[in-house]
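Chemist: Show me the folded form of this:
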Amino acid sequence: MRACKQIDHLMETAIGAMSELSTLFSSQATCYSVINDSLDALDRAVHSNATKSRHRGINRNVDSSLAKLAELKILATTFAEAILREVSFPT
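Modeler: Prediction:
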């Protein structure tokens, strides 16, 4: 009889552990499902036409800025050279 009570107790403990494990797996599956849905939404957003359009706009603005900076560098160099030619330093 004592052995049966021990087995009953061990079985109750094992069933409780299996139940908790099942709950943890279910919770983990839910979390992975939410992550998967979020990644799908993020993928759609990254590949949307609006995102591609913003990317092209940013690239155009960067290219335009670089061209203006190159022009400014040329003008600044020319200006500095003209000033240096006009200024005579005492020797």
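
Chemist: Name the single longest helix found in the protein.
Modeler: Counting residues, the longest helix found in the chain (DSSP state H) is helix 2-46.

Chemist: Following the chain onward from it, which element is next?
Modeler: Once helix 2-46 ends, the next helix or strand along the chain (criterion: DSSP states H and E) is helix 49-86.

Chemist: now that next one: how far from the chain's centre is it?
Modeler: Offset of helix 49-86 from its chain centre (C-alpha atoms, centre = their mean, to the nearest Å): 29 Å.

Chemist: and the angle from that helix to helix 2-46?
Modeler: Angle of helix 49-86 versus helix 2-46, following axes from the mean of the first three to the mean of the last three C-alpha atoms, to 10 degrees, is 60 degrees.

Chemist: for the record, mean pLDDT for helix 49-86?
Modeler: Helix 49-86 shows a mean pLDDT of 89.

Chemist: Show me which residues of it are buried.
Modeler: For helix 49-86, a neighbour-count test (16 or more other C-beta atoms under 10 Å) marks nothing as buried. Where C-beta positions appear, they are placed from N, C-alpha and C, glycine not excepted.

Chemist: What's the separation between the residue nearest to the spatial centre of the chain and Ala3?
Modeler: For the chain, the residue sitting closest to the mean C-alpha position, by C-alpha atoms, centre = their mean, is Leu42 at 10.0 Å. According to C-beta to C-beta, to the nearest Å, Leu42 and Ala3 sit 58 Å apart.

Chemist: Kindly report the same for Leu24.
Modeler: If you go by C-beta to C-beta, the gap between Leu24 and Ala3 works out to 31 Å.
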